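Chemist: Just the structure for this:
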Amino acid sequence: MKIAIVAITEESKRLVKVISPLFDTPIACIERKDVGLYFHDYDAFVFIGAMGICVRTIAPFVESKYTDPAVVCIDTTGRHVISVLSGHVGGANALTHQLADLLHAVPVITTQSDNTGLWALDLLAEKYGWVPSEQMNAAIFAFVNRKPTALLLDIRDEGTDELERTIPEHVTRVNSFDEIKSGTFTLAVIVSFRHYDPVPGVLMLQYFPKVMNVGIGLAHQAPHVESIILSVERMMLEKGLDYRSIRDYATIDVKEDEPVVKHLQERGDTVHFFTAEELSSVVVPTPSAVVRQHVGTPSVSEASALLASSQGMLLLPKQKDDSKMFTFAVAINRQYLRTGHVEIVGAGPGDPDLVSVRGRKMLECADLILYAGSLVPRALTECHKVGAVVRSSADMDLEEQCALMKEHYDQGHFIVRLHTGDPCIFGAIQEQMAFFDKHHMHYHITPGISSFLAAAAELRSQFTIPERCQTIILTRGEGRTPMPEREKLHLLARSQSTMCIFLSAAIVDDVQRELLQEYPETTPVAACYHLSWPDQRIYRGQLKDLAQIVHDNHLTLTTMLVVGEAIDNREHLSKLYDKHFTHLFREGK
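Modeler: The predicted structure follows:
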């Protein structure tokens, strides 16, 4: 932000010297009498002094919260920082918190939505790249006064996930526009690419996310450039699609120099170009032999819309204007489709605080949480939203698990499959992904903290020691599942690396026997049970005693076995801490 500080009194100037060095952005100091001259030249004004003087100074220049700068007032003692003007839109509330943190002061925010934890409706559009409709002030007034509100979401993105995760008690999630017409609601908050007509008696605040890709076919040197674009927007509205949700345009590469394309680019729109070969690979509902004859592909508008949308969904098939100067089609980008989705989430080693921030958000948004109950604490799922289905898979076979996820997927639900640690390390997700691929289900993996990392943390050990041990082996003993011949434990042990052995407490005698073929019997070991769980237990010893440690303490499958001299090793200090070596390192030698 471009910030100006106004010191109202001589005493205030002391605080200016304290504040100025704390900002990364340049700070200007101006006189109170000059505030009017520069009122719209700065993003924010910070007054230091009495609130009354601050208010009287800015009063003649205040116009609109959408154009006025942020104004913050700090008392001369630095004890209170007060948001005065343009709290949300202008950023005064955020600046107030920032200054209060820097000064260890008390932030004073009077914006109702901030103080009640409600959505900041006037900030959502800027935060998530949406275009808002007009009735903002009346909608905000109804919302903060907790009038019955409907929430309709026709797409899925970061913003809609956040709205679902934080939905207030007076807001009802609806699945169709018809529910808004029921007479139940005072306000409707809508995130959609669709054009909805007003509902009598209901305030409607709509956000238009940039999610639609428009494919265009053009006659050579088509005239009336602006009227063509206006016709596209008009025809979209007639078909129930709002042009404010257009993300970009696309066409065939031979039309790159057409006037319509140039006009779109000049006004700042993105235009994608595809070859005839690329367009020909797309199956479309209305191919044309005439188009193939002229440009070498049976479709331009539909095919380019689908390609630009990453093979999303066609919302509007090819449309022709009476002038026959252009055709167009509209698709919604695949990443915003509100269809089913499976997120495979790594739960971490067990402590709910060790799930990733992204993983936690996924859990908070999920319609179905299917967690590995024998390995993942149920406490990890307690952040679920109201109405979510939470189910342990401990008593389900793979077929039952996949059937349940497919059932929810077909209903357009967001599914979290929660696996212990990181799902890609002995996570048993391969079969599930094969099922998802077979049924063309969209899925993604959110990594987690593996238990071997939790073991290193709890053992207070660095598993890699320069010049002694630079390799960590993650493996398991050979039980019912055979190991490849080249990965037998005694062969891996030849490297004398730090070895973290999963899923092997039940066969610890075999594990110890193989390891002793290569490791000295005095090699440090640790048996780590339920890492990061409330009942965590860790037992240290030497390799010759590993089996006895496991048997005597009745350790189960949820035990990580760690072997190697890196455990508790403090003797072989890294050269990175040597002054000369550090100097060379910094010089890049």
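
Chemist: where does the protein dip in pLDDT?
Modeler: Residues of the chain that meet the criterion pLDDT under 70 lie in 22, 24, 112-117, 570-589.

Chemist: center of it - which residue?
Modeler: Glu158 (5.7 Å; C-alpha atoms, centre = their mean).

Chemist: tell me the contacts of the residue lying closest to that one once chain neighbours are set aside?
Modeler: Of all residues not flanking Glu158 in the chain, Tyr128 sits nearest, at 6.3 Å (C-beta to C-beta, 6 or more residues apart in numbering). Every C-beta, even on glycine, is put in place using the N, C-alpha and C of the backbone. Shown in contact with Tyr128 (C-beta atoms under 8 Å, 6 or more residues apart in numbering): Asp157, Glu158, Gly159, Tyr207, Pro209.

Chemist: For Val211, see how far away Tyr128 is.
Modeler: Note on Tyr128: its distance to Val211, by C-beta to C-beta, to the nearest Å, is 11 Å.

Chemist: what touches both of those two?
Modeler: Residues touching both Tyr128 and Val211 (C-beta under 8 Å, 6+ apart) are Asp157.

Chemist: Kindly format the C-alpha coordinates of the helix or strand where Met405 lies as PDB.
Modeler: Following DSSP states H and E, one finds Met405 within helix 398-410. The C-alpha coordinates for helix 398-410 follow below in PDB (Å, rounded to 0.1, in the frame of the first residue of the first chain):
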ATOM      1  CA  LEU A 398     -12.200 -52.500  -1.000                       C
ATOM      2  CA  GLU A 399     -15.300 -53.100  -3.100                       C
ATOM      3  CA  GLU A 400     -17.500 -51.600  -0.400                       C
ATOM      4  CA  GLN A 401     -15.300 -48.600   0.000                       C
ATOM      5  CA  CYS A 402     -15.300 -47.900  -3.700                       C
ATOM      6  CA  ALA A 403     -19.000 -48.400  -4.000                       C
ATOM      7  CA  LEU A 404     -19.700 -45.900  -1.200                       C
ATOM      8  CA  MET A 405     -17.400 -43.300  -2.700                       C
ATOM      9  CA  LYS A 406     -18.900 -43.800  -6.200                       C
ATOM     10  CA  GLU A 407     -22.400 -43.400  -4.700                       C
ATOM     11  CA  HIS A 408     -21.500 -40.000  -3.300                       C
ATOM     12  CA  TYR A 409     -19.500 -39.000  -6.400                       C
ATOM     13  CA  ASP A 410     -22.500 -39.600  -8.600                       C
END
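
Chemist: Residues in contact with that helix: which ones?
Modeler: Outside of helix 398-410, the residues within contact range by C-beta under 8 Å, 6+ apart are 339-342, 367-368, 370, 389, 391, 393, 396, 415, 417, 431-432, 435, 439, 441.

Chemist: ok, now stretch 293-306?
Modeler: Residues outside stretch 293-306 that contact it (C-beta under 8 Å, 6+ apart) are 213-217, 250-252, 254, 272, 274, 276-277, 279-280, 282, 284-289, 291-292, 312, 314, 317-319, 327-331.

Chemist: Let's see it as CSV, backbone CA atoms only.
Modeler: Output of stretch 293-306 as CSV, limited to C-alpha atoms (Å, rounded to 0.1, in the frame of the first residue of the first chain):
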residue,chain,number,x,y,z
GLN,A,293,-13.8,-27.9,-46.2
HIS,A,294,-12.7,-24.3,-45.4
VAL,A,295,-10.4,-24.8,-42.4
GLY,A,296,-9.6,-28.5,-42.2
THR,A,297,-11.6,-29.4,-39.1
PRO,A,298,-15.3,-30.2,-38.6
SER,A,299,-15.6,-27.8,-35.7
VAL,A,300,-14.1,-24.5,-34.6
SER,A,301,-16.4,-23.0,-32.0
GLU,A,302,-17.4,-26.1,-30.1
ALA,A,303,-14.0,-27.8,-30.3
SER,A,304,-12.1,-24.7,-29.3
ALA,A,305,-14.4,-24.1,-26.3
LEU,A,306,-13.9,-27.6,-25.1
